[in-house]
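J.: With the sequence up front, the predicted model follows.
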Amino acid sequence: TIGPRDGAYAITTQPGAGAVFAYGAALGQSDVVISADVTPVRGWAGLIFGPDRAYRFFISPDGRFRVHQGAQTIVGPTASNAVWAGTNRLSIAAAGQRVSLYANGTLLANLDLPSSLRGTTPGFVVLDGPQGGEGIFDNLTIRTLPR
């Protein structure tokens with residue numbers, strides 16, 4: 001299921017569904033900060049971004065993060081004190097082709113993309129685990145950075 005739940009946005013999947021995502025309108029600028037409160041309930045939950053929505057920034061309920069580009073893992077499951085149990089504020093800060101990924105204000109990774117985020121469509125993503133996947137998303141903000 002994908003849609004509103006209790007004033008937030010939720011994605012719930014069955015085991016074996018893989019990655020399921022929902023996304024919005026295309027970005028009009030390349031230098032942006034995209035942030036949302038993300039609560040991974042089961043499996044992995046996070047933000048999807050970049051050319052062809054190929055990049056996925058996930059967190060898990062047990063305090064790990066990972067980054068995928070399509071089917072390829074860029075950053076494997078990595079434990080971080082910056083990823084808390086419960087709700088986390090995830091941010092993607094893009095300046096040109098450089099993208100920095102944050103959890104609760106702490107830098108987790110930098111990526112160099114093949115192009116900027118201008119014209120791409122960011123969104124929410126859930127990756128299932130053995131019991132399926134579920135993520136709750138709230139307080140999405142997209143801010144353009146000064147040039």
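T.: Looks like it came in fine. Only a predicted model underlies this, so the values are computations on that prediction, with no experimental measurement involved. Numbering: from 1, shown residues only.

J.: remind me which residues of the protein are low pLDDT?
T.: For the chain, the stretches with pLDDT under 70 are 147.

J.: Which residue ranges of it form strands?
T.: 2-5, 8-13, 19-23, 32-42, 44-49, 55-59, 64-69, 72-79, 88-95, 98-103, 106-112, 123-127, 133-144 (DSSP state E).

J.: Can you tell me which residue is spatially central in this protein?
T.: For the chain, Leu47 is the residue whose C-alpha lies nearest the centre (Cα atoms, centre = their mean; 1.5 Å).

J.: mind listing what the closest residue to it other than its chain neighbours touches?
T.: In this structure, Leu47 finds its nearest non-sequential neighbour in Phe57, 5.0 Å apart by Cβ to Cβ, 6 or more residues apart in numbering. Using the backbone N, CA and C atoms, a C-beta is placed for each residue, glycine as well. Each residue near Phe57 by Cβ atoms under 8 Å, 6 or more residues apart in numbering is listed here: Gly46, Leu47, Ile48, Phe49, Phe65, Val67, Leu90, Ile92, Leu101.

J.: Show me the beta-bridge partners of Phe57.
T.: Beta-bridge pairing of Phe57 under DSSP bridges involves Leu47, Val67.

J.: That's all I had, so thanks and see you.
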